[in-house]
Structures are given as structure tokens and as C-alpha cells.
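Asker: Sequence and predicted structure are below.
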Amino acid sequence: MAVTSANAAEQERPARVSGIDKIERRRVALAESALKTLGELGYARTSLREIANNSEFTHGVVHYYFRDKIDLISYCVRYYKTKCARRYDEVVETATSGEELVTGFLAKMTQTLVDETPMHKLWYDLRAQSMFEEQLRPDVEAIDKLLEEMIWRILGRYADLTATTPTVDAPTAYALIDGLFEQAVVGYAANPDKTPDLLTDRLLQVLPKLVAA
């Protein structure tokens, strides 16, 4: 049966984007715009108006999509850390030896330390603030769990490739590795030349101790 011109036009018309999708796309755009300001100023010194002043969006638009500063900052950090948690997936999936996995993991970790220090400072700032701001705790706990699972995937794959077994549980592995990374984030501001190598050396000391034959 021949296709009428009306039917053909209907088939060529792109699928309509739902209102929810449009809202989420705008929230993502706002988050990406806000992250630079947040990374530079930190949690305490950033307001919705400050974010608007440093972006192409008006204060009214920012306030329309986020009810307050905590809502926006939580969304921004959650958005950024979700991407962070996925950046090691390729290393985990493609490594064929324990040494290759460790090399790839350390390369990506030191790269994100150097390239994205402000974002990591914001995360640790937000996590500290969650001890005082109850509204922040659910998001911080969710992000912590996401990062814990990421570290556990890496350690599990390392154990598989080296025919060993993890000697600690997932929360302990995360606390040890994240603690070293947080120290590096703090140290990088004072000593950017040596801190990446220092982080690598410390992780190389710790990783083999997290597994045993």
C-alpha cells in the first residue's frame, strides 16, 4: 500500500521530547555551567546568584530548576561523580594482567587529580558539610556508595587477574584508597609537581596488601 504524504511526514518527524527530558537536559546544562564556579569558590562561598553571574543563565532560570543552593550543588556533584565512577570501566574491562590494570588505574587517577582538582575539592567540601547539613546526607551517601562500588570493581578485577582474594571488604578498600586520594587533593595545591608521583607511590604500596593468595 502506498504511503501518503501525510504518513510520510509523520514518519520523518523526530520523536517528541517529553517535558521531563527537557527539564533534565536543562538541569544538566546548568550543572555543567555551575561546576566551574563551584570548584573555584567551594560550597560556603557559592550562592545561586553567584552561579548565575558566572554563567549564561539568569538567577531566575537557575532558581526555577533548583529550589536552593543545596539542591543545585548536590545535583552538580552527583552528576560529576557519576561520570568519575565510570571512567575506570574501560581499564577494568580491557586489562589482561594485574600490572596492566594497576598501570591504567593509576594513570587515570593521577590524571583526574591534575585535571579536575577543583571538582574533587568541591566533593570533599560537600561531604564534610553533610555532617552539618542533613539535607545533603542522602546524596553524599549515594555518591559514596557509587565510588565504593567503583573501587571494589577495580580490586575484584585485580584479584581475578592475579589469582588472589581481597583481604578487606568493600568499605575498607574504599576508605583506604579514597583517603590517599583526598590527601593528594589537599597536597596538590601546595606541591603540584610532586603530589601525583607521591599518590602513585602510596597506591603501589597499598594495593598489593589488599589481596592475598
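Answerer: Now that the structure is in, tell me what you want to look at.

Asker: how close does G104 get to A85?
Answerer: 16 Å (CB to CB, to the nearest Å). (Glycine included, C-beta is placed from N, CA and C.)

Asker: For S47, give me its contacts.
Answerer: K69 (CB atoms under 8 Å, 6 or more residues apart in numbering).

Asker: again, only using 10 Å
Answerer: By CB atoms under 10 Å, 6 or more residues apart in numbering, S47 lies in contact with T37, L41, N53, H59, V62, D68, K69, L72.

Asker: what about the residue nearest to G104 when sequence neighbours are not counted, which helix or strand?
Answerer: Spatially, and ignoring its direct neighbours in sequence, G104 is nearest to V91 (3.7 Å; CB to CB, 6 or more residues apart in numbering). Here V91, judged by DSSP states H and E, is contained in helix 89-94.

Asker: Give the buried residues for the helix or strand following that helix.
Answerer: Next in sequence after helix 89-94, counting helices and strands by DSSP H and E, comes helix 98-115. For helix 98-115, burial by neighbour count (16 or more other CB atoms under 10 Å) applies to G98, L101, V102, G104, F105, L106, M109, T110, T112, L113.

Asker: can you put those residues in TSV and add distance to V186 and pLDDT?
Answerer: TSV is the format used below for the buried residues of helix 98-115 (distance: CB to CB, whole Å; pLDDT from 0 to 100):
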residue	distance to V186	pLDDT
G98	29	95
L101	27	97
V102	24	96
G104	25	96
F105	21	96
L106	19	97
M109	15	96
T110	15	96
T112	15	93
L113	11	95
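
Asker: Including distance to R26, could these go into TSV?
Answerer: Shown next, in TSV, are those (distance: CB to CB, whole Å):
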residue	distance to R26
G98	44
L101	39
V102	40
G104	35
F105	35
L106	37
M109	32
T110	34
T112	27
L113	31
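
Asker: ok, the residue nearest to V168 when sequence neighbours are not counted to A128 distance?
Answerer: Distances taken as CB to CB, 6+ apart place L210 nearest to V168, at 5.7 Å, with adjacent residues excluded. With distances taken as CB to CB, L210 is found 26 Å from A128.

Asker: Let me know the closest of the contacts of S47 to E148.
Answerer: L72 (24.7 Å; CB to CB).

Asker: so how far is the helix or strand containing D125 off the chain centroid?
Answerer: Taking DSSP H and E as the definition, D125 sits inside helix 117-129. Put simply, helix 117-129 sits 11 Å off its chain's centre (CA atoms, centre = their mean, to the nearest Å).

Asker: What residues sit buried inside it?
Answerer: Within helix 117-129, the residues scored as buried using 16+ other CB under 10 Å are T117, P118, M119, H120, K121, L122, W123, Y124, D125, L126, R127, Q129.

Asker: picking up where we left off before, looking at neighbours, which among the contacts of S47 is most surrounded?
Answerer: L72 (23 neighbours; other CB atoms under 10 Å).

Asker: ok, that one touching S55?
Answerer: No. Counting by CB atoms under 10 Å, L72 does not reach S55; the two are 11.4 Å apart.

Asker: and for these two, which residues touch both?
Answerer: L30, A34, V62.

Asker: Tell me where this protein has strands.
Answerer: Assigned by DSSP state E, the chain shows strands spanning 165-166, 211-212.

Asker: Now the last one: average pLDDT?
Answerer: The one in question is strand 211-212. Here strand 211-212 scores 96 as its mean pLDDT.
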